[in-house]
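Participant: turn this into a structure:
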Amino acid sequence: MVTPRINYAHLGATVNPRHLASLVSFFEAGCKSAPGGFGVEIEHLPVRNGSDEAINYYEPQGVETLLGRLRPYYDADREYWENGRLVGLAREGISISLEPGAQVECSIGVLRTPEELETVYRAFRFEADPILDELGFRLVAYGYQPKTGFADIPVNPKSRYAAMSDYLGRVGQYGLCMMRCSASTQVSIDYHDEADAIAKLRVGTAVGPILAWFFRNTPYFEGAPNPFPLLRQRMWDSLDFQRANVIPGLYDPRFGWEDYAVDVLSTPLMFADLTHTPEAAGLSEAEKHRAAFRENAGELYPDRELNAYEINHVISTHFNDARLKNFIEFRHWDSLPLARAERLTQIIGSLFYDGRNLARLASFFEGIDELDVYEAKANIQAFGAGATPYGRSWEFWREFLGLGDLLEGIPGDPAHPDVFQI
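Facilitator: Residues are numbered from 1 along each chain as shown. Okay, the predicted model is just below:
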């Protein structure tokens, strides 16, 4: 039985030891003897040809129609339905799912090299683009909808998103904007043991905002020019501090998997998901999916080991800049066109899978703490192109991270700040 290093009981937190053991075992199961794989998620904004207004799930010739037309290309036994509506598709190497505002997400992997991304992604577009042409809309890679505001976009029919709207509509500042209008690129990597996972989380959390600057891709916010140097960071940092931003305690030398598990288990879940909890079989759908403003995992789930679905739900209610699952997920970046997403994946590989580079970065950031990361992020938001995160210029970071050759000539590079790909 795993016992947390810190006793949180006096703070009112409830951490069930069986739940804690479940999460630690989940992390242990993610260890790879030879790390080197990539997972890439690219979210797309559906916009109408001509007007660039958002296309929603329900409208005629909308996103639901797109999924239905794509069905023959995917495995019949890997379709995802909710409330009688099609919400996802999958086959070997790729899955298609929906974010709350009908953003179309392609999850691709496991890739052995960044270059494999192009092959898998182009196959998706080869199938989808002729259908999109017939439907009169397209999928664009921006960080935020170019014309339509969040209030005009309904959430798709997943029950969890109604519960999430209930929560995020009352907490923080930009929750509903994030849900309905934003889109991201996320890159996941492997780890070989606990120490390796923590080192990569620390470096990824520190360097992520810097890479986000070089790969920013959000010209618009709520139908107007985007006023923020990094809109995605601004939205997430203002969303709900207890589940976003930097993992609490990450830079404490004693920090480990148990501490991460305690954090996610002791925090209110945002919304309950009891759809795969056998003990909740008799509850209504509204009771299985509802906002959870105060209940954490110990108060919602039975006193037993958590199953895989429950574990993933608990972890997925946290949106830290770098997130630990049974892999490491970096979540800093706007939605990117294919060429830039591939370059980003190459850079992640060079920084985290090259032992010398990872050691160099770990040494550079040795001794920093959470406040240093907060300061660097605030510095970027305050000064943009004139920012000096961690006291260093953008020119320093471009050279230190080896970005020069990998970014040369890519539209959207900070050298060409007004050029974005759509």
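
Participant: so where do the helices sit in the stretch 301-422 of the chain?
Facilitator: With DSSP state H, counting those that start in this stretch, the ranges of helices along the stretch 301-422 of the chain come out as 308-316, 338-352, 355-364, 370-383, 394-400, 404-407.

Participant: contacting residues for the residue sitting nearest the centre point of the chain?
Facilitator: Nearest to the geometric centre of the chain sits R331, at 4.2 Å (Cα atoms, centre = their mean). Shown in contact with R331 (Cβ atoms under 8 Å, 6 or more residues apart in numbering): 184, 186, 208, 236, 319-323. For glycine as for every other residue, the C-beta is placed from the backbone atoms N, C-alpha and C.

Participant: I'd like to know which of these are buried.
Facilitator: 184, 186, 208, 236, 320-323 (16 or more other Cβ atoms under 10 Å).

Participant: adding distance to F255, write these out as TSV.
Facilitator: Converted to TSV, those look like this (distance: Cβ to Cβ, whole Å):
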residue	distance to F255
S184	26
Q186	23
G208	18
W236	21
N320	13
D321	15
A322	13
R323	15
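
Participant: please flag which of the residues you listed sit within strands.
Facilitator: Judged by DSSP state E, the buried ones among the contacts of R331 include 184, 186, 320, 322-323 as members of strands.

Participant: list just the nearest of these to P225.
Facilitator: S184 (20.1 Å; Cβ to Cβ).

Participant: ok, what's across the strand from the closest one?
Facilitator: Note on S184: beta-bridge partners D334, judged by DSSP bridges.

Participant: ok, R202 - contacts?
Facilitator: Counting by Cβ under 8 Å, 6+ apart, R202 touches 250-251, 362, 365.

Participant: dump the residues you listed to TSV, plus pLDDT.
Facilitator: Listed next are the contacts of R202 as TSV, based on pLDDT from 0 to 100:
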residue	pLDDT
L250	97
Y251	98
A362	97
F365	98
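
Participant: and the buried ones among those residues, selectable in PyMOL?
Facilitator: For the buried members of the contacts of R202, the matching PyMOL selection, counting by 16+ other Cβ under 10 Å, is:
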select buried, resi 250+251+365
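
Participant: farthest-separated two in the contacts of R202?
Facilitator: Counting by Cβ to Cβ, the most remote pair of the contacts of R202 is L250 and A362, 13.1 Å apart.

Participant: ok, now how distant is the residue nearest to the centre of the chain from G391?
Facilitator: Per Cβ to Cβ, to the nearest Å, R331 is found 25 Å from G391.

Participant: again with A163
Facilitator: With Cβ to Cβ as the criterion, A163 and G391 are 43 Å apart.

Participant: who has more neighbours, the two?
Facilitator: In terms of neighbours (other Cβ atoms under 10 Å), A163 is the more surrounded of A163 and G391; the figures are 21 against 10.
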